[in-house]
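# For reference, the sequence and a predicted model appear below.
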Amino acid sequence: MRLASAGLLAGAALALLTSCAMQPRDHRPEALAMMKRDFHARGIAGMDRLNEDAVQAACNKYGDNPPRDVAENLQKAQVATIKWPADGKLLGDWKAGERIAQNGRGMSWSDKGGVGGSCYNCHQIGPGESSFGTIGPSLYRFGKLRGYGADMQRYAYGKIYNAKAYNLCSQMPRMGHVGALTEQQMKDLTALLMDPASPVNQ
Amino acid sequence: MRHALVLGIAAALAAAPWPQAAAQAPDPTAAEFDKFREKMEETNPAELFEAKGEELWRARRGPKNASLEQCDLGLGPGVVKGAYAQMPRYFADVDRVMDAEARIVHCMVALQGFKYEDLAKQPFSNATRTPDPVSITTYVAAQSGGMKLAAPQNHPKERATYEAGKAIFFYRAGAFDFSCASCHGEDGQRIRTQPLPNFTKPDQAIRAAQGWPGYRMTGGVMHTLQWRMNDCFRQQRFPEPAYASETLSALLAYLTVNANGHVYRGPGIKR
């Protein structure tokens, strides 16, 4: 009896040890410490860019798949960051929007600040541009397929302003939130997607 | 019964398109460029830098007037053959893992008396200048052409460095919330027309090593993986990593170990 319980105890201890050994260690703290040692600010890309904000922290911690309650709370906070145009107008000039979508520069250490939207890097958009990336979904016929209503305009503008307000760990940058695009630029991009006259919707 | 089974399979096939096939559908632009590259590789300008690098390796240079022939690239002092394919690796004399170029820079500092600060000032090639470590790295890399990548994972620091590199690879931050994995973590993606290898998979991770050091037709310059990592971080909208730093060795350890077992074809040519 005593022997048996001693055996059980040893077994339990062994199991505990094994489970400790099996627990994958989180290497992020040492990786981040290494990066903070090795990186330096250059141009507009300061060292603060290595620090996670709440959204990045949650996406990093949960491998881009945070628990529902965590995601919902953070998303609500992201929605609150969106500054809607004071004049209430969301559609600018789609021609200017096309130029902004084409321009892949901005926010790197070789830029002075925000420049373009980099949209074609990841999205199919207008029918005239065959050099487009595939990381994001195709936006061709965006308005034609989804309708030109006020809600859809709001969604397009809001998504450009802060993609994380709609999908917390989306791969899309938060163009308005980080100041990569101006209000007028985001209106122009919204027009590119939502103006019935835009080539996107032909 | 049999019919039902066949029907069931047919239905399953119909319902599930072939994601594999879809992801690997030949991209006409990429295929065209691959053909072009094969032609170009027959007379790759990288050979010029390789020859220059060999000369630099053997020459007595620097404040200490020494050659690099006593440089230990991991296989013993002066052994160059096969060394590139077995890096990054742990080096006891510096107690850290180093990739090939970081090790070469270390040797230039320790053996020849060059200053790291000077080498790090303008470490990348431009139209008028190819830094010496770039040529030397090209020479060293060429001596591993045709060999299987075998970055070691024996020393505890080699394993820890791989894990750190993996964590860096997946770390999202910066102005655009990007990590390396934002572009290189899924199959079959492109930026514009540029196909993006998924470096988490061994058969695609080889593309992180293949073609590097590479002669880049855009600008006509020779670049190493140190440049590639630097420019990726620029596009990731991060601050700048120091030349030949531990962070870059860790990231290269992650990428190379993932590709272990695949044949490295030597310095290449890039778009």
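Here it is on my side, so go on. Just so you know, these numbers come straight off a predicted model, no measurement behind them. Numbers count the residues shown, from 1 in each chain, chains lettered A, B, ... in the order given.
# And the helices in the stretch 1-150 of chain B?
B:2-15, B:19-23, B:28-41, B:46-58, B:100-110, B:116-121, B:132-142 (DSSP state H, counting those that start in this stretch).
# Of those, flag the one that's most buried.
By mean neighbour count, with neighbours taken as mean count of other C-beta atoms under 10 Å in any protein chain shown, helix B:132-142 ranks first of those at a mean of 26. The way it works is simple: take the backbone N, C-alpha and C, and place the C-beta from them, glycine included.
# Other residues contacting that one?
For helix B:132-142, the surrounding residues in contact (C-beta atoms under 8 Å, 6 or more residues apart in numbering or on different chains) are B:46, B:49-54, B:56-57, B:68, B:73, B:80, B:83-84, B:100-101, B:104-105, B:108, B:119, B:123-125, B:212-213, B:222-224, B:226, B:264, B:266-267.
# mind showing which ranges of chain B have poor pLDDT?
For chain B, applying pLDDT under 70 flags the ranges B:1-27, B:29-30, B:37.
# Excluding sequence neighbours, find me the nearest residue to residue 178.
Since you didn't name a chain, this refers to chain A. Ranked by C-beta to C-beta, 6 or more residues apart in numbering or on different chains and with sequence neighbours excluded, the top spatial neighbour of A:Val178 is B:Ala175, at 5.0 Å.
# Hmm, no, I was thinking of chain B.
Counting by C-beta to C-beta, 6+ apart, B:Phe178 lies nearest to B:Gln236, which is 4.6 Å off, once chain neighbours are set aside.
# A:Met194 now?
Once flanking residues are discounted, A:Met194 sits nearest to A:Gly143: 4.5 Å by C-beta to C-beta, 6+ apart.
# May I have the phi/psi pair for the one you found?
phi -70, psi -40 (degrees, to the nearest 10).
# what about the closest residue to B:Glu240 other than its chain neighbours, distance to A:Ser110?
Of all residues not flanking B:Glu240 in the chain, A:Arg42 sits nearest, at 4.2 Å (C-beta to C-beta, 6+ apart). Separation of A:Arg42 from A:Ser110 (C-beta to C-beta, to the nearest Å): 9 Å.
# If you count surrounding residues, which of the two has more?
Neighbour count, other C-beta atoms under 10 Å in any protein chain shown: between A:Arg42 and A:Ser110, A:Arg42 has more, with 17 against 13.
# which ones are touching the more buried one?
Per C-beta under 8 Å, 6+ apart, neighbours of A:Arg42: A:Trp109, B:Pro239, B:Glu240.
# Counting neighbours, what do you get for A:Met35?
With other C-beta under 10 Å as criterion, A:Met35 counts 25.
# What strand or helix carries it?
Assigned by DSSP states H and E, A:Met35 belongs to helix A:28-38.
# That helix: which residues count as buried?
By neighbour count with 16 or more other C-beta atoms under 10 Å in any protein chain shown, helix A:28-38 contains the buried residues A:Arg28, A:Glu30, A:Ala31, A:Leu32, A:Met34, A:Met35, A:Asp38.
# That helix vs chain B: in contact?
Yes: legend: contact between helix A:28-38 and chain B by C-beta under 8 Å from any C-beta of the partner chain is shown at A:Arg28, A:Glu30, A:Ala31, A:Leu32, A:Met34, A:Met35, A:Arg37, A:Asp38.
# pretty sure the fourth one contacts B:Phe170?
What that stands for is A:Leu32. No: A:Leu32 is beyond contact range of B:Phe170, at 11.7 Å (criterion: C-beta atoms under 8 Å).
# Out of the helices of the stretch 1-150 of chain B, flag the one nearest A:Gln75.
Comparing the helices of the stretch 1-150 of chain B against A:Gln75 with C-beta to C-beta, the closest turns out to be helix B:19-23 (28.4 Å).
# where along chain B do the strands fall?
B:89-91, B:96-98, B:147-148, B:189-191, B:194-196, B:211-216, B:221-223, B:240-241, B:263-264, B:267-270 (DSSP state E).
# Could you report the pLDDT at A:Ala15?
On pLDDT, A:Ala15 comes in at 47.
# Now do the contacts for B:Lys157.
The neighbourhood of B:Lys157, defined by C-beta under 8 Å, 6+ apart, consists of B:Tyr90, B:Asp95, B:Arg96, B:Val97.
# restrict the residues you listed to contacts with chain A.
With C-beta under 8 Å from any C-beta as the criterion, the contacts of B:Lys157 include none near chain A.
# could the residues you listed be laid out in a markdown table, adding neighbour count and distance to A:Tyr166?
A markdown table is the format used below for the contacts of B:Lys157 (neighbours: other C-beta atoms under 10 Å in any protein chain shown; distance: C-beta to C-beta, whole Å):
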| residue | neighbour count | distance to A:Tyr166 |
| --- | --- | --- |
| B:Tyr90 | 21 | 45 |
| B:Asp95 | 8 | 47 |
| B:Arg96 | 16 | 43 |
| B:Val97 | 28 | 41 |
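# Pick the one among these closest to chain A.
The nearest member of the contacts of B:Lys157 to chain A, counting by C-beta to the nearest C-beta, is B:Arg96 at 10.3 Å.
# quick check, distance from stretch A:172-189 to the centre of its chain.
On the basis of C-alpha atoms, centre = their mean, to the nearest Å, stretch A:172-189 sits 13 Å off its chain's mean C-alpha point.
# Please see if stretch B:242-260 touches chain A.
Yes: under the criterion of C-beta under 8 Å from any C-beta, stretch B:242-260 makes contact with chain A via B:Ala242, B:Ser245, B:Glu246, B:Thr247, B:Leu248, B:Ala250.
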